[in-house]
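Visitor: The amino acid sequence is not available; the structure is as follows:
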């Protein structure tokens, strides 16, 4: 007779349920966004760093690959490792470059391409026996990249450069800096020998063909972000965060809700408590101003958002019961204007407790 399992062993044999949070991704909208940006710019890759801007690289990358994407950009080497099962390693670029010889060894053995950002990184790559690489040149954002003065260094002639890239600082604005960077990038192209060149991000695509070069690198627009007016009507919403109601309460007039009693019921009302809080990326800025929806009915947030819980007024939806799901109001441009967060923050803040699925 087999020994009886302990309570702990029995519990492990049946995995616990995930948190009552889900992030539904519209796979058709995601693919359509990439295809639209690809048509606009001639040849688009995809920035899938930060777990595909918080939406889940494991869900996003296969959808974009089926849509036709062939070039991928991540920030860290560990992010490259996470998507190598979905796309060829040589199609992945690591934007932060090799910080030490271990990074060089990983790149050489895996085929993942580094983006070299300094002469020191270039020397490290050559010393480690590296082959094909990418090179970033700073044309005015003053973050990563070789300085314009570095381009005369003979070390660059020893590199086998596939992609020479730079990054726009103010493409989401009608700024003179855009034209300045474009002119500097033209000077870069005259000096740095590479197979391909890349300048435009999502907003840069909307600036027009002069900014497109050989490859564009959309990020936020893939995921539903509208960063310039030209993209309205082109880019579709992709992400839909949802949370379950885990308690329903009846309040009398005058009862207080949440920490520090920032909301007092003006009349009798029904309250739904949902499993969503600032630990999940739904920050306290949504207190008393955020909203949910159920069956087309708007359900305002009342009281202060706490770590794991948010209260909503469900008086207008008497059918709601514990276990029902509500959709978070998360249209990116509207939510950014209302919360003061950027569209990038709204997505990348979404915590791992959300179960992600592409539908």
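Guide: Structure received. Quick caveat: nothing in here was measured; it's all calculated off a predicted structure.
Visitor: Which parts of the stretch 51-200 of the chain are strands?
Guide: Ranges of strands within the stretch 51-200 of the chain are 72-74, 92-94, 113-116, 132-136, 160-165, 196-198, based on DSSP state E, counting those that start in this stretch.
Visitor: got TSV for those, with mean pLDDT and distance to residue 247 too?
Guide: Every residue, glycine included, has its C-beta placed from N, CA and C. Formatted as TSV, these follow (pLDDT from 0 to 100; distance: least, CB to CB, whole Å):
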stretch	mean pLDDT	distance to residue 247
strand 72-74	98	40
strand 92-94	98	45
strand 113-116	98	49
strand 132-136	98	51
strand 160-165	98	51
strand 196-198	98	50
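Visitor: any chance of those strands in TSV, plus mean neighbour count?
Guide: Putting the strands of the stretch 51-200 of the chain into TSV (neighbours: other CB atoms under 10 Å) gives the following:
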stretch	mean neighbour count
strand 72-74	27
strand 92-94	25
strand 113-116	26
strand 132-136	23
strand 160-165	21
strand 196-198	20
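Visitor: Which one of those lies nearest to residue 345?
Guide: strand 72-74 (18.9 Å; CB to CB).
Visitor: Return the list of strands paired to that closest one, each annotated with direction.
Guide: In the sheet containing strand 72-74, the strands it pairs with under DSSP bridges are strand 46-47 (parallel), strand 92-94 (parallel).
Visitor: Flag the shaky bits of the chain, pLDDT-wise.
Guide: Scanning the chain for pLDDT under 70 picks out 1-15.
Visitor: which residues does the residue nearest in space to the middle of it contact?
Guide: Among the residues of the chain, the one closest to the centroid is residue 53, at 1.0 Å (CA atoms, centre = their mean). For residue 53, the contact set (CB atoms under 8 Å, 6 or more residues apart in numbering) comprises 47, 219, 220, 222, 223, 344, 347, 348.
Visitor: Format the strands paired with strand 72-74 as a markdown table; extra columns: distance to residue 298.
Guide: What follows is the strands paired with strand 72-74, written out as a markdown table (distance: least, CB to CB, whole Å):
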| stretch | distance to residue 298 |
| --- | --- |
| strand 46-47 | 33 |
| strand 92-94 | 42 |
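Visitor: Can you say which of the ones you listed is nearest to residue 86?
Guide: Closest to residue 86 of the strands paired with strand 72-74 is strand 92-94 (CB to CB; 9.8 Å).
Visitor: Skip the chain neighbours and tell me the closest residue to the residue nearest to the centre of the chain.
Guide: Counting by CB to CB, 6 or more residues apart in numbering, the nearest residue to residue 53 once its immediate chain neighbours are dropped is residue 347, at 4.7 Å.
Visitor: I'd guessed the one you found sits against residue 239; true?
Guide: Yes. Applying CB atoms under 8 Å as the test, residue 347 and residue 239 come out as touching, 6.4 Å apart.
Visitor: Can you pull the residues that touch both of these two?
Guide: A shared contact of residue 347 and residue 239, defined by CB under 8 Å, 6+ apart, is any residue touching both; here these are 55, 223.
Visitor: I'd like the distance between residue 222 and residue 239.
Guide: Applying CB to CB, to the nearest Å, the value for residue 222 to residue 239 is 11 Å.
Visitor: more crowded one of the two?
Guide: Set side by side, residue 222 and residue 239 show more neighbours around residue 222, with 29 against 26, by other CB atoms under 10 Å.
Visitor: Alright, that wraps it up for me.
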